[in-house]
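Peer 1: No letters, just coordinates:
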């Protein structure tokens, strides 16, 4: 059955595979560290921005006058 993605299997020796796996694991760990650092920086920036915001004044509720009492109709 042909491969629909057109990928070909690359034969590697176990030693090459172990080196490649180790290299990829190191790269993944470095990327995780950078990601955590970036998220900490974003969080810090967000806190700084929130602290600079001034709260908007609360709108005053509209004044509602009591309606005039309804007098009963006498027939």
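Peer 2: Received it, and whenever you're ready, just let me know what you need. Nothing here was measured: the structure is a model prediction, and the numbers come from that model.
Peer 1: Could you list the low-pLDDT ranges of the protein?
Peer 2: Low-confidence segments of the chain (pLDDT under 70): 1-3, 9-13, 75.
Peer 1: All the helices of it, residue numbers only.
Peer 2: Assigned by DSSP state H, the chain shows helices spanning 14-52.
Peer 1: Show me the residue at the heart of it, geometrically.
Peer 2: In the chain, the residue lying closest to the centroid (C-alpha atoms, centre = their mean) is residue 39, at 9.8 Å.
Peer 1: That residue and residue 18: what is the separation?
Peer 2: 32 Å (C-beta to C-beta, to the nearest Å). For every residue, glycine as well, the C-beta is placed using N, CA and C.
Peer 1: same question, residue 43
Peer 2: With C-beta to C-beta as the criterion, residue 43 and residue 18 are 37 Å apart.
Peer 1: Quote the end-to-end distance of stretch 57-70.
Peer 2: 38 Å (C-alpha to C-alpha, to the nearest Å).
Peer 1: ditto for stretch 8-20
Peer 2: 18 Å.
Peer 1: go on, stretch 56-74?
Peer 2: Stretch 56-74: ends 53 Å apart by C-alpha to C-alpha.
Peer 1: And for stretch 55-67?
Peer 2: Note: stretch 55-67 ends 35 Å apart using C-alpha to C-alpha.
Peer 1: what about that stretch, distance to the chain center?
Peer 2: In terms of C-alpha atoms, centre = their mean, to the nearest Å, the centre of stretch 55-67 is set 36 Å apart from its chain centre.
Peer 1: How about stretch 62-69?
Peer 2: With C-alpha atoms, centre = their mean, you get 47 Å for stretch 62-69.
Peer 1: contact partners of that stretch?
Peer 2: Residues from elsewhere that reach stretch 62-69 (C-beta atoms under 8 Å, 6 or more residues apart in numbering): none.
Peer 1: Endpoints of that stretch, how far apart?
Peer 2: End-to-end distance for stretch 62-69, by C-alpha to C-alpha: 21 Å.
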